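*Asks:* how would this look folded up:
(2 chains)
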There are 2 protein chains.
Amino acid sequence: MSAAPSGNLLVAQSGGPTAVINNSLYGIIKESKKHPEINRIYGSLHGIEGVLEENIVDLNEESLENIEGLKEAPASALGSIRYKVTEDDYSKILSVFEKLNIRYFFYIGGNDSMDTADKVARLSRESGRDLRVIGVPKTVDNDLVETDHCPGYGSAARYTAITVREIGIDVESLPPPVTVYETMGRNSGWLTASTALARGDKYPAPNLIYCPERPLDKDRFLNDVQKTYDEMGYALIAVSEGLKDKDGNPISMAEDEVKSDDFGHALPGGVGSRLSDLISDELGLRARDEKPGLAARCSSQLASEADREEARRLGTEAVISAMDGLSGKMVALNRRDTERYQVEIVPVPLAKVANAEKKMPSEFINAAGNDVTKKFFEYARPLIGGKLPEYVKLEKKRING
Amino acid sequence: MSAAPSGNLLVAQSGGPTAVINNSLYGIIKESKKHPEINRIYGSLHGIEGVLEENIVDLNEESLENIEGLKEAPASALGSIRYKVTEDDYSKILSVFEKLNIRYFFYIGGNDSMDTADKVARLSRESGRDLRVIGVPKTVDNDLVETDHCPGYGSAARYTAITVREIGIDVESLPPPVTVYETMGRNSGWLTASTALARGDKYPAPNLIYCPERPLDKDRFLNDVQKTYDEMGYALIAVSEGLKDKDGNPISMAEDEVKSDDFGHALPGGVGSRLSDLISDELGLRARDEKPGLAARCSSQLASEADREEARRLGTEAVISAMDGLSGKMVALNRRDTERYQVEIVPVPLAKVANAEKKMPSEFINAAGNDVTKKFFEYARPLIGGKLPEYVKLEKKRING
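*Replies:* Prediction:
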């Protein structure tokens, strides 16, 4: 490997924000200041769009207070984008990089972004230019391959677990018979599964969990709900926004209504509302739906400190990897096989991550398809950053009358 | 007034829980232990239903840890209920009170509960029994008359303001063009209005606010949304679950779909989803809805300390008022006309509070019906317990290229 070239650094954020995506940005900025080969630290506004439109900002101009504040700031501080880069765009990207003397490019994003980063790395290498491209993973959906988990997921899972615990206590105290809690997650059930972390000795909810990895059978679903209600006097049910029936049709809407985003991914929505209507109509039980939606991914107040720290470490390691000569890699989290949770950061090829999707493995979903397994708990518990808040429940000793 | 009678105390919680309803229970328990006239402190499970079914617990048996934990515990620790007490029920209630030698009855609830408490007080007085009945207000809807505000509202408003601030930063960073944020509030816009508290110098969202006190005109609404989107590049819109059109029909559903609860109140729902569909269909803008629902009323993590403290004070004062000989009253919050926010606790007749509803006054809603006024801010700011979290925004100084 050649020595680290002298030039400028460009960082961009892409896709749905997370509560900790700015921690990766923080890690990149702090580490780059240590390397004299890096002249200026630039940020591209709204992901790759900022490169195409030459909306580039100078991060050296930010105050220390602003940089430190990134650790708590929700959403994507540089702005984000969902945009499918075209073949024509790539030559524009490379020419802007050349013009600005960009030698280091860090893209914090999900699998679409890793695809973009991979192509930029490849085209640049083909042109003989020493551009170091490193991807930094983020997504609340936790669906990137080649990494144990994705920064952002732990915080969204913590938000979800705390919120479901609190809602569970609420519905137990005043049962609106059935409450359907809808989580994000188009094709993978990681966030839906995280509702299970709400449980504890005193907290039975959620009672049922439906991930999109398993087709939803309406009759079995209604049967599950009725059985839970008969037993508990209420039911708190977690469902993924991306649930589909056995023919692959989204539960959220009739087939002719399906909308899609710029990547051609179907945009689900309204599953909780549809299923609570179904429960009312078919079982005659009053049902309401809850859909915190974006709140789960942007809540700084309920974010996981462990997640924040990992996001910063990944940013730091991304810079170190580039200085060491790596390019076309994503910095990934590799969980060590130790009793106490430990992760190491390893580079993996961007090409392997690009456009692939990691679903929940079978061993994380129970046979009936209405709950998670103990193995899921073992996987997810360390990611949410310590214990959830504990709330008292009264003993309620009956008087003799 | 006769001296305080010797006997037992009964406390119950009713209606939708709040984040601080257990603080009122705490205040009642702590204060009653100071009065030797009070022998046992009983709790009725699930409001008045616990009396009718003789599900009564002995709160003297609870550990100190449990009692102290009430200050943080979400939902109604004694369980709650929505149940319209019948004429027949009242004689049963009075006979259970006699059997258990109840001399002090505290009902923590909303206007339906104040009606129940009022009738119990009246019937007891007519029967010549010295029963002291005091109502303690609670409701996130903030719709009780005769009190400046209701405990529970400040916390739900704080949750809402923080959440909308975070979501606002999220949508600004990655605009899904339009986001519709639905809040609770059947007939009054207090919670919807509280979204305005999310704003600050750096935080423009929410951009539009629609309270149920004003009928929603769809054309004007769509016009507002388009205008905001043209100006901002996105729109974050707060709507009440109880929005109605000019004919009084809920926006949430077609007329024949309207459901109602046990009190005959219409049960709204799905406004956010309907309006985001409308925006997609009519304006061709992608829109999504957020509906944190119950989370707003049960979030202990984002509760207002000021609200918690007032809820405890009301519980304390309820006991003191009863010991002083009052009955048939609700302890209410009276805001002093001072520069710095101060409240005093005053007794008001339960009969005046029963079944009445306080809507947002005209002076709190702007002329266009799409925002709140400065007067609302002055009213609501002190209730949410101090400043909201501040998050940095980068300077984003453009490079010359």
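
*Asks:* list, one by one, the residues from the stretch 101-250 of chain A near chain B.
*Replies:* Applying C-beta under 8 Å from any C-beta of the partner chain, we find that the stretch 101-250 of chain A lies next to chain B at A:I162, A:T163, A:E166, A:I167, A:I169, A:D170, A:V171, A:E172, A:S173, A:L174, A:T179. C-beta: built from backbone N, CA, C; applies to glycine.

*Asks:* got phi/psi on the residue nearest the centre of chain A?
*Replies:* The residue lying closest to the centre of chain A (C-alpha atoms, centre = their mean) is A:V140, at 1.1 Å. Phi and psi for A:V140, reported as degrees, to the nearest 10, are phi -70, psi -20.

*Asks:* which ones are touching it?
*Replies:* When contacts are counted by C-beta atoms under 8 Å, 6 or more residues apart in numbering or on different chains, A:V140 touches A:G16, A:T18, A:C150, A:G152, A:Y153, A:S155, A:A156, A:M184, A:L191, A:A296, A:R297.

*Asks:* quick check: the first one touching A:T139?
*Replies:* Read it as A:G16. Yes - with contacts counted by C-beta atoms under 8 Å, A:G16 reaches A:T139, the gap being 6.8 Å.

*Asks:* quickly list what's touching both of these two.
*Replies:* In contact with both A:G16 and A:T139: A:G110, using C-beta under 8 Å, 6+ apart.

*Asks:* once you drop chain neighbours, what's closest to the residue in the stretch 1-150 of chain A that chain B sits nearest to?
*Replies:* Here the stretch 1-150 of chain A gets closest to chain B at one residue, A:G69, 3.0 Å apart by C-beta to the nearest C-beta. Nearest-residue entry for A:G69: B:V392, 3.0 Å, with adjacent residues in sequence omitted and distances by C-beta to C-beta, 6 or more residues apart in numbering or on different chains.

*Asks:* which ones are touching that neighbour?
*Replies:* With contact set as C-beta under 8 Å, 6+ apart, B:V392 has these partners: A:E65, A:N66, A:G69, A:L70, A:E72, A:A73, A:A77.

*Asks:* how about CSV for these, with pLDDT, secondary structure and neighbour count added?
*Replies:* Shown next, in CSV, are the contacts of B:V392 (pLDDT from 0 to 100; DSSP: H, G, I helix; E, B strand; the rest coil; neighbours: other C-beta atoms under 10 Å in any protein chain shown):
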residue, pLDDT, secondary structure, neighbour count
A:E65, 98, helix, 8
A:N66, 98, helix, 17
A:G69, 98, helix, 19
A:L70, 98, coil, 24
A:E72, 98, coil, 18
A:A73, 98, coil, 27
A:A77, 98, coil, 27
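
*Asks:* and those residues, which is closest to A:P347?
*Replies:* Using C-beta to C-beta, A:L70 is the member of these that sits closest to A:P347, with 23.8 Å.

*Asks:* how much space between A:S76 and A:I251?
*Replies:* Distance of A:S76 to A:I251, given as C-beta to C-beta, to the nearest Å: 30 Å.

*Asks:* pick out whichever of the two has more residues nearby.
*Replies:* The residue with more neighbours, out of A:S76 and A:I251, is A:S76; 30 against 24, by other C-beta atoms under 10 Å in any protein chain shown.
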